[in-house]
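Participant: everything below, folded, please.
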Amino acid sequence: MNRTLTTWILVVTLLLGLMSNTSNARAVDPTAYIRINQIGYPLDTSCRAYLMALQPAAGDYFFVINLLAPQQKPAVYYSGLVGPRLGTWGKYTVYALDFGPINTPSLYVIQINLSSPPVYSPTFNIDTPDKLYAPALANALYFYENQRDGPQFIRTPIRTAPGHLNDAHAVVYLTPTIRDDTLIGDLKPTGAVIDASGGWADAGDYPKFVETISYMEALMEIGVRDFPVQMGAAAGSSNFTAEARFGMDFLSKMWDDRSRTLYYQVGIATGNDQTIGDHDIWRLPQADDNYGGTDPAYRYIRHRPVFIAAPAGSKISPNLAGRLTADFALGFQLYRQTDPQLAQQYLLSAEHIFDLADTTPHGRLLTTAPHDFYPESEWRDDMELGAAELYLAVRDAQGRTPNNLPHIDAMFYLRAAAHWAYAYINDPNDGGDTLNLYDVSGLAHFELFRAMALAGDPSGLEVSPADLLSDLKQQLDGAVQQADSDPFRFGYAWNGGDTPAHGAGLSVMADEYAYLTGDKQYKNRADQWMGNILGENSWGVSFIVGDGSNYPRCIHSQTANIAGSLDGTPPILRGALVEGPTDSASSGSLDGMRYPDHWTDVYAQFNAHGAVYRDYVESFSTNEPALDLTAPSFLMFAWQMAGAPVPLK
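Facilitator: Numbers count the residues shown, from 1 in each chain. This next block holds a predicted model:
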């Protein structure tokens, strides 16, 4: 038997072994691990994986093996030296494994002969960006489809019936008094009843919050507009158009434009001795409409309250006002040609909301009840985003504006966007965070920069395009500084909370900056930070369910836990991005929770530097998915596939 054929047979044997032992590989404790981007790497690019080793490894050879190589071709596609040493993580030393460019699409594995048997990475693909990331983008859409509430649910293996049909006749209440996550007294009805059906369940629980929906809706609409081939009508299995419209239908119920009234929440998570809240029980959503029969303790489970932000015509908390303005203005941009009447109503709502923004807020911003679920403190970025989208919308209207539109001059909104950008840049919170629910400046600056370019970069605005780029760069440079201190080169502290979501947001920001400036270093950072949340981390976990070969199995999601599997096999809540590593793992059991057999904390050995990850249903702090957490991931994948957004016109 010749040597080439022998090598090919060994490779096939290796492939079969890797494929059959994927689920067992997590419990092995060898002297070394190889961490990769489990979705894979684009063709003809420089690639990096990471070696975690207990023994010195610099100078050893590693091999990149083509598992699908024909018999007549060498299976070892690439070989190189381990190095350089990047730092330590707990008891492990971390080394770079740099390889490529590779120009042959195939399935690969990395092998290092540090021990007997050798150490292997998970298998990974090298292919075009479209082929690599299209399944992940479709998975993200699947997540939102499974989170749908109300009669327009989509049937899937884990969603078999609509939930919360009683929301169609929901009683409106004043904002409740809550202390230490306990409801004080009872709710006070206003006497109004509204249709609050639709929308998405917030996370692993079932309340619906305008705070989070308004954020992810803006990102979704921008994705549909900017990446029509990846997320729009031409996208096939990742067409988010219907999902974006579903979100706008719900927000149009939460904002009553005739009376100028905002409703900001459906359902209450917290209760007291007499009242059961959403977080007190574990069940499928379709159980709620008749839960507990006539037991009064469950009255707010069966008939979920809606909370009013303030009396009709009152000022609106600027964080909600800014993002809702953006949602409705983006709705105009999306539907001005296909549904002009709806688009005009969206534009009118956007201007009304913007005019009602309370730009001198006192005390805490209005987010959710209780506030500590989403303790947002910055709002100028939201106002900048809303004004930038209104400029684009009014500019697009080109004289075809609704009657009684408060402002028909698009420049009014460009000046307003520049004003709020200036206010943000000169606020103490500037640069304190990156793109996520609590800070949308990374997106707002990008939208305003493009809007200013369409306007011909007019003089006299409070900020210039250079100012916006400088502020984006400041945020990214902070992430680079953090990355340089981390052996995996991640741009956010692993114990910082919402870790993978921050990684996806950073990747989007780096792609935006590279697009605006042509600076390649930030494009490389975008790829790197995406890889960190897809497996290039100490735990070797892709923190998006279904993306890659090793992802969270036992997530804190009621539908996934009750109706799905606990071992990563279908059915799973594909596309759900979980909280990820943070400073501690939570615990707490509820009746009805399902647990895997013989569970052990297989990732405990990789916890270090104050960062903890636990793949367990009770650990909502590390393993709960949410609308806002998942939102930047679809933009991240769309950027990777398209390379650039379609130009604004």
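
Participant: could you use CA atoms for every contact and neighbour count after this?
Facilitator: OK.

Participant: so where's this protein shaky on pLDDT?
Facilitator: For the chain, residues meeting the criterion pLDDT under 70 lie at 1-29, 72-74, 399-403.

Participant: try it again at 50.
Facilitator: Counting by pLDDT under 50, the ranges of the chain that qualify are 1-13, 15-28.

Participant: how does it divide into domains?
Facilitator: For the chain, automatic domain parsing gives the domain ranges 3-127, 131-246+255-312+451-537+628-642.

Participant: residue 590: what secondary structure?
Facilitator: coil (DSSP: H, G, I helix; E, B strand; the rest coil).

Participant: in contact with it, which residues are there?
Facilitator: When contacts are counted by Cα atoms under 8 Å, 6 or more residues apart in numbering, residue 590 touches 280, 281, 282.

Participant: by neighbour count, which of these wins?
Facilitator: Compared across those, residue 282 has the highest neighbour count, 20 neighbours, by other Cα atoms under 10 Å.

Participant: that residue and residue 624, how far apart?
Facilitator: 14 Å (Cα to Cα, to the nearest Å).

Participant: residue 350 is in contact with residue 405, correct?
Facilitator: No: using Cα atoms under 8 Å, residue 405 is not in contact with residue 350; the gap is 10.0 Å.

Participant: so these two - more neighbours on which side?
Facilitator: residue 350 (30 against 15).

Participant: list the contacts for the nearest residue to that one once chain neighbours are set aside?
Facilitator: Nearest residue to residue 350, sequence neighbours excluded (Cα to Cα, 6 or more residues apart in numbering): residue 325, at 4.4 Å. The contact partners of residue 325, taken as Cα under 8 Å, 6+ apart, are 349, 350, 351, 353, 354, 386, 387, 389, 390.

Participant: okay if I get the contacts of residue 590 as JSON lines plus distance to residue 588 and secondary structure?
Facilitator: Listed next are the contacts of residue 590 as JSON lines, based on distance: Cα to Cα, whole Å; DSSP: H, G, I helix; E, B strand; the rest coil:
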{"residue": "280", "distance to residue 588": "11", "secondary structure": "helix"}
{"residue": "281", "distance to residue 588": "12", "secondary structure": "coil"}
{"residue": "282", "distance to residue 588": "12", "secondary structure": "coil"}
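
Participant: quick one: the helices in the stretch 251-400 of the chain?
Facilitator: 299-302, 318-335, 340-355, 380-397 (DSSP state H, counting those that start in this stretch).

Participant: and the third one, how far out from the chain's middle?
Facilitator: Put plainly, it is helix 340-355. Mean C-alpha position of helix 340-355 versus that of the full chain (Cα atoms, centre = their mean, to the nearest Å) differs by 27 Å.

Participant: before we move on, what about the shortest one?
Facilitator: Centroid separation for helix 299-302 versus its chain: 30 Å, with Cα atoms, centre = their mean.

Participant: what residues does it touch?
Facilitator: For helix 299-302, the external contacting residues (Cα under 8 Å, 6+ apart) are 164, 166, 267, 268, 275, 276, 277, 278, 288, 289, 290, 291.

Participant: so which of these is the closest to residue 304?
Facilitator: residue 267 (4.7 Å; Cα to Cα).

Participant: what's the burial count for the closest one?
Facilitator: Neighbour count of residue 267, defined by other Cα under 10 Å: 23.

Participant: swap in the one 10 residues further on?
Facilitator: By the criterion of other Cα under 10 Å, residue 277 has 22 neighbours.

Participant: tell me how far it lies from residue 206.
Facilitator: 10 Å.
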